[in-house]
Each structure stands twice: as C-alpha cells, then as structure tokens.
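J.: have a look; sequence and predicted model below, questions after that.
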Amino acid sequence: MSYFKHHVFFCCNQRPDGESCCNALGATTAQTYAKDRIGQLGLKGKGKIRINKAGCMDRCDDGPVLVVYPEGVWYQYVDTNDVEEIIQEHLINGRVVERLKLPSA
C-alpha cells in the first residue's frame, strides 16, 4: 500500500523569456488552492491525499498540467473550478474526469 491514497503533482515550472510554461498559466495559484482545499476537507495526511509542486514535467505545451498517482492520470485544467472538479470526482469519488484528462503518452 502506498503512503498516500493519492499523490498529486502540479507542474509549477517557470521558464524564462515568455516561453510556454505551466506557472505562467496559473499553476502555483491552482496548486495552492488544491492544497488548501484538501486541508479544509480533512483529506490531508498519511493514507489520504498529498498535494505537491513539481518542476518541469515535460508537458508544457499541454499546460497547465497535474498528475495524480498512483493511477498516473494526467490532467490539463484552466482554473480552480477545474481543480475542484478533479478533487471532487477523482480524488474523493474515484472517477476520472474524462473532459480534462490528457493522453498518458
């Protein structure tokens, strides 16, 4: 069994000179929202959910992106409404949000 039921990584990479990157598209704001929301819902900690920032996850052209483990489901999101949907549907109810899901390869 994994230490966390779900481990979520938000790409928060910031590239120089206006290059495409997740952070320029609001990734840090979205990650902070998710971390705070998981805490508010009492879902933070061992056996529950961990929300982390990550450096470049090599999918900047799809950004902003996050990935949920252990399933390895990649998502593209636009705003905190999309992040909330991922929290409610995937992290709480175990249903992949197909409209936001990215191909794994």
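T.: Okay, I see it.

J.: just after the biggest helix by length in the chain, pick out the following helix or strand.
T.: If each helix of the chain is counted by residues according to DSSP state H, the longest one is helix 27-40. Sequence-wise, the next helix or strand downstream of helix 27-40 (DSSP states H and E) is strand 49-54.

J.: on that earlier part again, how far off strand 49-54 does the longest helix of the chain point, in degrees?
T.: Helix 27-40 and strand 49-54 are oriented at 160 degrees to each other (axes from the mean of the first three to the mean of the last three Cα atoms, to 10 degrees).

J.: tell me how far helix 27-40 lies from the chain's centre.
T.: What separates the centre of helix 27-40 from the centre of its chain is 9 Å, taken as Cα atoms, centre = their mean, to the nearest Å.

J.: contact partners of it?
T.: 8, 10-13, 44, 48-49, 51-53, 63-64, 66, 77, 79-80, 83-84, 86-87, 91 (Cβ atoms under 8 Å, 6 or more residues apart in numbering). For the C-beta atoms, the positions are set from N, CA and C on the backbone; glycine is no exception.

J.: of those, buried ones?
T.: A residue is treated as buried here by neighbour count (16 or more other Cβ atoms under 10 Å); on that basis the buried members of these are 8, 10-13, 44, 49, 51, 63-64, 66, 77, 80, 83, 86-87, 91.

J.: need the residue closest to the centroid of this protein.
T.: Centre of the chain computed as the mean C-alpha position; nearest residue by Cα atoms, centre = their mean is Leu66, 3.3 Å away.

J.: restricted to helices, list the contacts of helix 27-40.
T.: Secondary structure assignment (DSSP H) places 80, 83-84, 86 from these within helices.

J.: tell me how many other residues surround the residue nearest to Lys44 when sequence neighbours are not counted.
T.: For Lys44, ignoring the flanking residues on the chain, the nearest one in space by Cβ to Cβ, 6 or more residues apart in numbering is Ile38 at 5.1 Å. Around Ile38 sit 21 other residues, with neighbours defined as other Cβ atoms under 10 Å.

J.: noted, bye for now.
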